[in-house]
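1. got a sequence here, can you model it:
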Amino acid sequence: MRQDWTKAIVYVAQTQAITRVLDIGCGAGHDLLALRAASDHFDLYGVEPNQSLRTALAAQLPDAQLVGEIVRAPVDAVDMIVCIDVLEHLPDPESFLTDVARRARIGTLMLEATATHDAGTPLHLTSNRGWQAGRALERAGWERLQTSGRLHVWQRLREAVEPRATLMICANGSVSLPTMRSVLTMKDALADQRWRVYMGGEAGIHRSRNIAASSWWRETADDVFVMVDSDITFQPWDIDHLVNRCRNGYPVICGAYAKRDASNVALRGKWGELYFGPGQEPVEIDSVATGFLAVHRSVLDAIIPSLPLCHAMTEFAFWPMFDFLTLKNEQGDWEHLSEDYAFSKIAREHGFPSYVDPSIIIGHLGTLEINVRNMTGIHAALKG
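-> Numbering: from 1, shown residues only. Model prediction:
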């Protein structure tokens, strides 16, 4: 795998008209040596704090400029940066990478791989488990162009970060065609907002939500995610409106939808009169419905430090913010509550109440047996 990464570094340098390459944490210099073997026209730079390694590499690459500290490296003068399996060794990788990311010029490429999940390897700091490079890079205007395993190719495209939202589709199976139609329509209608779409699933829907939200928090700089179930339909203005609400005073807010049996709305708690339609204001509720839910980054910033990191030695490590709960109700009876209640409970404990936006009307796909006796009424209801 590591040899393939070296080949990728050389390939990118040769095909993207790169002339100046900086290898951060170059070690024995395998990547710099491969670049030199590929071309005499590369200007090579390396950062390596280990003086013995640096001296040995200087003997093999006398024309390379090698330094022991990142502050002395010409980050703002190179075309490509290599940072392979370095950040997991640092006590504060976020600050280190942020400084590098902001010093680089617009257009600079970066090939990065980070193994913060692998705390069993010597010198990999356990305090870095769960951390990834994406958040720091995106905040500095970098975009991920391609991924192959742990290797990511980034490019700095802008100075400032623009507000961006992610649509998360969480499922334990396939996604319905009507839901995908809603997603594609949204992407076309709101293309100027640079929406990101994430799709993920597991047998346990709560694990799917935990992995998706945790990955979003550490790997992106997006300010809002909207979680949509695989059987929900919506219009572009529904999701646009929900995101605007989330950014402007309602950091945990959902749209209501009917349960599959049409017996009630998929909300939990007590509220007063609830009217659905245009112009209605958000109403505070006990528990959101996670099928169409918007959450602001500030909520996760607050609650994640209070939660354990589960499966910390894996690349899908997550914080259990969505989980099932077994609690007693007001009558003293036990209830087994779904993950939406758990998230609302944790968020409320950190100062973020839950809201529903009744101005949004969304669809929930159900299963219904149609026969010759009920077909007339069902047909009339569908037409209405």
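2. ranges for the strands of the stretch 151-300 of the chain?
-> 151-156, 165-171, 196-201, 224-229, 232-233, 252-254, 283-285, 292-296 (DSSP state E, counting those that start in this stretch).
3. do the stretch 1-150 of the chain as well
-> Going by DSSP E, counting those that start in this stretch, the stretch 1-150 of the chain shows strands at 20-24, 43-47, 65-67, 80-84, 109-113, 142-148.
4. need those strands in a markdown table with mean neighbour count, mean pLDDT and distance to Arg54, can you?
-> (Glycine included, C-beta is placed from N, CA and C.) Converted to a markdown table, the strands of the stretch 1-150 of the chain look like this (neighbours: other CB atoms under 10 Å; pLDDT from 0 to 100; distance: least, CB to CB, whole Å):
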| stretch | mean neighbour count | mean pLDDT | distance to Arg54 |
| --- | --- | --- | --- |
| strand 20-24 | 24 | 97 | 12 |
| strand 43-47 | 22 | 97 | 8 |
| strand 65-67 | 17 | 96 | 5 |
| strand 80-84 | 24 | 97 | 16 |
| strand 109-113 | 22 | 96 | 21 |
| strand 142-148 | 15 | 92 | 28 |
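5. which one of those strands lies closest to Pro251?
-> strand 142-148 (25.7 Å; CB to CB).
6. chain center to that closest one, what's the gap?
-> 13 Å (CA atoms, centre = their mean, to the nearest Å).
7. over to stretch 226-240?
-> Worked out by CA atoms, centre = their mean, stretch 226-240 lies 18 Å from the chain centre.
8. now do the buried residues in stretch 304-313.
-> Under the neighbour-count criterion of 16 or more other CB atoms under 10 Å, stretch 304-313 has 304, 307, 310 buried.
9. what about the residue lying closest to His89 once chain neighbours are set aside, neighbour count?
-> Of all residues not flanking His89 in the chain, Leu123 sits nearest, at 5.3 Å (CB to CB, 6 or more residues apart in numbering). By other CB atoms under 10 Å, 6 other residues sit near Leu123.
10. what backbone torsions are found at Leu123?
-> phi 80, psi 0 (degrees, to the nearest 10).
11. surely it touches Val86?
-> No - Leu123 lies out of contact with Val86 (CB atoms under 8 Å); the separation is 10.8 Å.
12. need the strands of the stretch 1-150 of the chain in TSV (columns: distance to Arg156).
-> Formatted as TSV, the strands of the stretch 1-150 of the chain follow (distance: least, CB to CB, whole Å):
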stretch	distance to Arg156
strand 20-24	13
strand 43-47	17
strand 65-67	22
strand 80-84	10
strand 109-113	8
strand 142-148	5
